[in-house]
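Q: Quick check, what structure comes out for this input:
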Amino acid sequence: MKIAKNTLVTMTYILRRENENGEIIQEVKEDKPFDAILGKGMLLPKFEENLMDLEPGDTFSFPLTPKEGYGEFDETRLMDVNKEIFMNNGVLNTELCKEGAQVWFSSGDGSQPFPGIVKEIHDSTVTVDFNHELAGVPLYFTGKILEVRDASDIDCGCGHCHGSCCDTEDNNDCGCCCDGGCNS
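A: All right, here's what the predicted structure looks like:
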């Protein structure tokens, strides 16, 4: 069966920075393959496009430009926030208020929290980068299609089965993003 919209695809892949010889960002191996339903908006659109019409046993390799991946780096997404938000009972939380720390923020309207990376610490403010960690980075994928089947309504209940969605190092950042079956 060929990969098409609303098929459940099981695959392995290696995501590299820049090109086929670049630093490995993420590797999904055959003992813990990645499953995704194509056409549900869970994967990068250009990633999905490059997988269309492949079959089990096929291998793939392709680059994605920053625009096709996680977007260009946007200077306006660097923000200075009040250092007081890192205080707990008058004490600075040095685990969160340090360069390189990932901190989760909420807009206060009940929407889903979003991550930022602490870039610089100043006297009264902290510069936080709200760009995706791979913004501005050319990506290169290689992999193999292990299985392709029609997605069932149970599979489609949340648009994917398990795995990483090409989004995190620990492969556990895939909350349900939709409700309904394969044709919703």
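Q: Show me where this protein has its helices.
A: Using DSSP state H, the helices found in the chain span residues 45-51.
Q: residue ranges with poor pLDDT in it?
A: 157-184 (pLDDT under 70).
Q: Just list the residues touching the residue at the greatest distance from the centre of it, thanks.
A: With Cα atoms, centre = their mean as the measure, the chain has its most outlying C-alpha, relative to the mean C-alpha position, at Gly90: 34.9 Å. By Cβ atoms under 8 Å, 6 or more residues apart in numbering, the contact set of Gly90 is empty. C-beta here means a position set from N, CA and C on the backbone, and glycine is covered the same way.
Q: Going forward, count from 725.
A: Okay, using 725 as the starting number, the last item reads as Gly814.
Q: Break the protein down into its structural domains.
A: Segmentation of the chain into domains, based on automatic domain parsing, reads 725-797+861-908, 799-853.
Q: Buried deepest among those, which one?
A: Between the domains of the chain, the one whose residues have the most neighbours on average, counting mean count of other Cβ atoms under 10 Å, is domain 725-797+861-908 (a mean of 16).
Q: Now find how far off-centre that domain is within its chain.
A: Between the centre of domain 725-797+861-908 and the centre of its chain there are 10 Å (Cα atoms, centre = their mean, to the nearest Å).
Q: How about stretch 842-851?
A: In terms of Cα atoms, centre = their mean, the gap separating the centre of stretch 842-851 from the centre of its chain is 26 Å.
Q: Gln836 and Leu820, how far apart?
A: Gln836 sits 19 Å away from Leu820, taking Cβ to Cβ, to the nearest Å as the criterion.
Q: right, I mislabeled it, should have said Thr736
A: Using Cβ to Cβ, one obtains 35 Å as the distance from Thr736 to Leu820.
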